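Colleague: just need the structure, nothing else, for what follows:
(2 chains, ligands or ions: 1)
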Amino acid sequence: MRDQDFDLLTQLLKSTSGLSLGPDKRYLLETRLTPLALKNGFDGFDALADEIRFKRPQALIDDVVEAMTTNESFFFRDSTPFDILKNQVLPKMLASRGGKKKLKIWCGAASTGQEPYSIAMMMAEDPARWAGWDVQILATDISKDALKKGEEGSYSQFEVQRGLPVELMLKYFRQEGERWIISDDIKRRVTFKPYNLLDTSVAIGKFDIVFLRNVLIYFDTPTKSAVFEKVRNVMEKDGALFLGAAETVLGVTEEFRSIKGLRGLYMPTEYAQEASLSFAAAG
Amino acid sequence: MPTCLVVDDSKIIRKVAKRILAELDFEAQEAGDGSQALASVEQHKPDVVLLDWNMPVMDGLEFLEALRRHDGGQPTVIFCTCNNKAEHIRKALEAGADDYIMKPFDREILLSKFEQAGLC
Ligand SMILES: C[S@@+](CC[C@H](N)C(=O)[O-])C[C@H]1O[C@@H](n2cnc3c(N)ncnc32)[C@H](O)[C@@H]1O
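Modeller: Predicted coordinates for the structure are as follows:
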């Protein structure tokens, strides 16, 4: 790969999606973009890079971004955050929002839907508590392919075995050949929408709970800080933010603080101390 | 180190399972049919059993019935199948299995099932 192509593409990826690729990721660029180049009728990687350099065709740039996203996800990934959601955060929300009975949840890197559907199933498992509530789950991602799959709600044998308790699989999925299709009841609870976390121009609403898991790991520190700032702006002051196991706010932002003893849970700084105390009292 | 008993009449499948179990830091025991498996449960008190359904001498269902009558500690039982029909899976759970897994074994999935069962 020519150095100038590496520079061109890494800069392009960083400015459009936030993805930050170090020099050790040359092979990744090449292995993911060569098939895309061939599919689009170019001779190879170099020709694809030239096309982007000289013409900047938006559709091709979108395809490049798409090809470079890592969409891996699974149901109830890492389990702990879902336990914390169920046992700590949702009970608090039930109490604090009991008047309006409205709850808004946002999965900001929802990929193929396993995360929002896990939350939806969790709530469907507790119908008595949520009776009369308006619960909205917004699932967004930059990858249209991933969202499309999420919207279809069709998963392979491998995907439904990974992280999804068998009882939930039997209850909320129906089998069609080799695929497992999520039930309409669960599907109806989730809205999918394309959305780029770097985009500051579109308003997406205000949320009580935000899942932003396993996406910031791909960004550099200034990009992470900018995303945190933006997430803070679309969250209620006593909202809950869940990050992935390898992600943290330490050294990146002052907007959020971790909650002691509850791994993966963060809250707006001005509320975090009070929250820590009330979680401790409840737990 | 948790112990896993692999019950399958196919030696190759037992071998594949044992290799994955070693990677996951599980001690592995093996049995070629249900009655050997019962003896092994007595002796090794495994934390989890990977149980094939169709076996000679004593099949998976008979083993499960005998095991659940047994009043020692109860291991988690994950039944292993090539038949992914929801009905088939439901029946095994009704018979007392805790979970299911499709064959051939996949390391990620075994790990995920063990985590769900609180074994690691
Ligand atoms: C590894 S998946 C994480 C899925 C899920 N949150 C989980 O933890 O299992 C990362 C997702 O982030 C998405 N992504 C990457 N950059 C993004 C951006 N700038 N805006 C929105 N989503 C982005 C990718 O398309 C991908 O689907």
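Colleague: all strands for chain B, in order.
Modeller: B:3-7, B:27-31, B:48-52, B:76-81, B:99-102 (DSSP state E).
Colleague: got it, and the stretch 101-250 of chain A?
Modeller: With DSSP state E, counting those that start in this stretch as the criterion, the stretch 101-250 of chain A has strands at A:102-107, A:134-141, A:154-155, A:173-176, A:179-182, A:190-194, A:207-212, A:235-243.
Colleague: could you export the longest one as PDB, CA atoms only?
Modeller: It stands for strand A:235-243. Coordinates of each C-alpha in strand A:235-243 appear next as PDB, following Å, rounded to 0.1, in the frame of the first residue of the first chain:
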ATOM      1  CA  MET A 235     -29.200  12.900  28.600                       C
ATOM      2  CA  GLU A 236     -31.300  13.700  31.600                       C
ATOM      3  CA  LYS A 237     -29.300  15.000  34.500                       C
ATOM      4  CA  ASP A 238     -30.000  11.800  36.500                       C
ATOM      5  CA  GLY A 239     -29.600   9.600  33.400                       C
ATOM      6  CA  ALA A 240     -27.600   6.400  33.200                       C
ATOM      7  CA  LEU A 241     -24.800   5.700  30.700                       C
ATOM      8  CA  PHE A 242     -23.500   2.300  30.000                       C
ATOM      9  CA  LEU A 243     -20.000   1.800  28.400                       C
END
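Colleague: sheet-wise, list the partners of that strand with their directions.
Modeller: Using DSSP bridges, the strands paired with strand A:235-243 are strand A:207-212 (parallel), strand A:262-268 (antiparallel).
Colleague: most centrally placed residue in the chain?
Modeller: Since you didn't name a chain, this refers to chain A. Central residue check for chain A by CA atoms, centre = their mean: the C-alpha nearest the mean position is that of A:Ala109, 1.8 Å away.
Colleague: my question was about chain B, not that one.
Modeller: Nearest to the geometric centre of chain B sits B:Leu50, at 1.4 Å (CA atoms, centre = their mean).
Colleague: rewinding a little: setting aside sequence neighbours, what's the nearest residue to the residue nearest to the centre of chain A?
Modeller: The shortest distance from A:Ala109 to any residue that is not its chain neighbour, by CB to CB, 6 or more residues apart in numbering or on different chains, is 3.5 Å, and that residue is A:Val215. Where C-beta positions appear, they are placed from N, C-alpha and C, glycine not excepted.
Colleague: what about residue 31, neighbour count?
Modeller: Because you didn't say which chain, this covers chain A. Residues contacting A:Thr31 under the criterion other CB atoms under 10 Å in any protein chain shown number 11.
Colleague: was after chain B, sorry
Modeller: A count of neighbours around B:Ala31, defined by other CB under 10 Å, yields 26.
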